[in-house]
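Asks: predicted coordinates and the sequence they were generated for:
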Amino acid sequence: MAPVRRILLKLSGEALMGPDAFGYHADTLAGFVAQIREVTELGVQVGIVVGGGNLFRGATGALSGMNRATADSMGMLATVMNALALKDALVQAGVPARVQTAVAIAHVGEGFERDAAVRELEAGNVVIFGGGTGNPFFTTDTAAALRAAEIGAGLLLKATKVDGVYTADPKKDPSAKRYEALSFDEAIARNLGVLDTAAFALCREQNLSLVVFNVFKPGALKRVVMGEDEGTRVSNH
Ligand SMILES: Nc1ncnc2c1ncn2[C@@H]1O[C@H](COP(=O)(O)OP(=O)(O)OP(=O)(O)O)[C@@H](O)[C@H]1O
Ligand SMILES: O=c1ccn([C@@H]2O[C@H](COP(=O)(O)O)[C@@H](O)[C@H]2O)c(=O)[nH]1
């Protein structure tokens, strides 16, 4: 089977810290870069939205009394830092990459512009979208669904710490069962927390298929883009 032509990869921020409790784990980052390089070598165009859970989440700041919108701005800045870290690691590995940010930060990255992003992808550059949607009260899952729709990605991939979508959070409920596939209607109706509802709803509305997979499994990203049996597929069918 031919690989998907263009993907939007949502890379977990929390995954970047590997076995550490905070920040970046160099070997883990190198492993993700190797997987991304593998799919670019197949000719797949790769857009990336990276989360911020290794550095800061707005909801956590709000719990300790911060204004939620301010805390979310800090969370968005955390995702920009992750975008820069990922870009640096990709470029050092010989994979050309650009950063576009939803929050304007002069001299740090280009501002998000859909046409420019598509041109970069067609030229063979990985484009990393930092800063989420640019708005508080959203998550990078929703940003990933949004950017996927904007760039016309054939598939949205959520690269995370679990190997698919389960009947309940497998970290909290050891009896949870993994789905091989399910519909967006079912995911929303069952309130499955692997993605936020806004992101599920946008995918459903835009008829954008999603695969949730474990990014720590070597070669998993390539298997997903090749349409092989990996993770859980969520779609309108
Ligand atoms: N039904 C479910 N199936 C699978 N995972 C679930 C489910 N419900 C909740 N989860 C949890 O969702 C997590 C993945 O989503 P989450 O947004 O928290 O992580 P992330 O995207 O990896 O984080 P980050 O904010 O760092 O980008 C999993 O680690 C899992 O514990
Ligand atoms: O559109 C967005 C995206 C993200 N945020 C804030 O950033 C952090 C980190 O993102 P995660 O998706 O949780 O990894 C998030 O907790 C929000 O505080 C945002 O405000 N808007």
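Replies: Perfect, I can see it now. Please read these numbers as outputs of a predicted model, since none were measured by experiment. Residues are numbered from 1 along each chain as shown. Ligands and ions are numbered 1, 2, ... in the order given.
Asks: ok, now which ones touch Gly47?
Replies: 6-9, 117, 121, 126-129, 147-148, 151, 153 (CB atoms under 8 Å, 6 or more residues apart in numbering). All C-beta spots, glycine's among them, are computed from the backbone N, C-alpha and C.
Asks: now do 6 Å
Replies: By CB atoms under 6 Å, 6 or more residues apart in numbering, the contact list for Gly47 reads 8, 127, 151.
Asks: try Ala117
Replies: Taking CB under 6 Å, 6+ apart, we find Ala117 in contact with 100, 127, 151.
Asks: how far away is the residue of the chain most remote from its centre from ligand 1?
Replies: The centre of the chain is farthest from one residue, Gly65, which by CA atoms, centre = their mean lies 28.1 Å away. With distances taken as CB to the nearest ligand atom, to the nearest Å, Gly65 is found 21 Å from ligand 1.
Asks: same question, Ala106
Replies: Applying CB to the nearest ligand atom, the value for Ala106 to ligand 1 is 26 Å.
Asks: state the three-state secondary structure for that residue.
Replies: At Ala106 the chain is in coil, as set by DSSP: H, G, I helix; E, B strand; the rest coil.
Asks: which neighbours in the sheet does the helix or strand of the chain with the lowest mean pLDDT have, and how are they oriented?
Replies: Using mean pLDDT, DSSP states H and E, the weakest-scoring helix or strand in the chain turns out to be strand 110-111, at a mean of 96. Here strand 110-111 is paired, per DSSP bridges, with strand 97-101 (parallel).
Asks: starting at the chain centroid, how far to the partner strand?
Replies: Its chain's C-alpha centre and that of strand 97-101 lie 14 Å apart, by CA atoms, centre = their mean, to the nearest Å.
Asks: so it, near ligand 2 or not?
Replies: No: using CB under 6 Å from any ligand atom, we find that strand 97-101 stays clear of ligand 2, coming within 11.5 Å at best.
Asks: contact partners of that strand?
Replies: Residues outside strand 97-101 that contact it (CB under 6 Å, 6+ apart): 80, 83, 87, 90-91, 109-110, 112, 117, 120, 125-131.
Asks: please apply the same query to stretch 203-219.
Replies: With CB under 6 Å, 6+ apart as the contact definition, stretch 203-219 has outside contacts at 15, 145, 148-149, 155-159, 163-165, 184, 194, 220, 224, 230-236.
Asks: mind checking which of those residues are in helices?
Replies: Among these, the ones falling in helices (DSSP state H) are 145, 148-149, 184, 220, 224.
Asks: could the contacts of Gly47 be laid out in CSV, adding distance to ligand 2 and pLDDT?
Replies: Below are these laid out as CSV (distance: CB to the nearest ligand atom, whole Å; pLDDT from 0 to 100):
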residue, distance to ligand 2, pLDDT
Leu8, 14, 98
Val127, 17, 98
Ile151, 16, 98
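Asks: on that earlier part again, need the contacts of Ala117 in TSV with distance to ligand 1, can you?
Replies: Below are these laid out as TSV (distance: CB to the nearest ligand atom, whole Å):
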residue	distance to ligand 1
Gln100	18
Val127	18
Ile151	19
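Asks: let's see if you can find the most crowded of those.
Replies: Of all the contacts of Ala117, the highest neighbour tally under other CB atoms under 10 Å goes to Val127, namely 28 neighbours.
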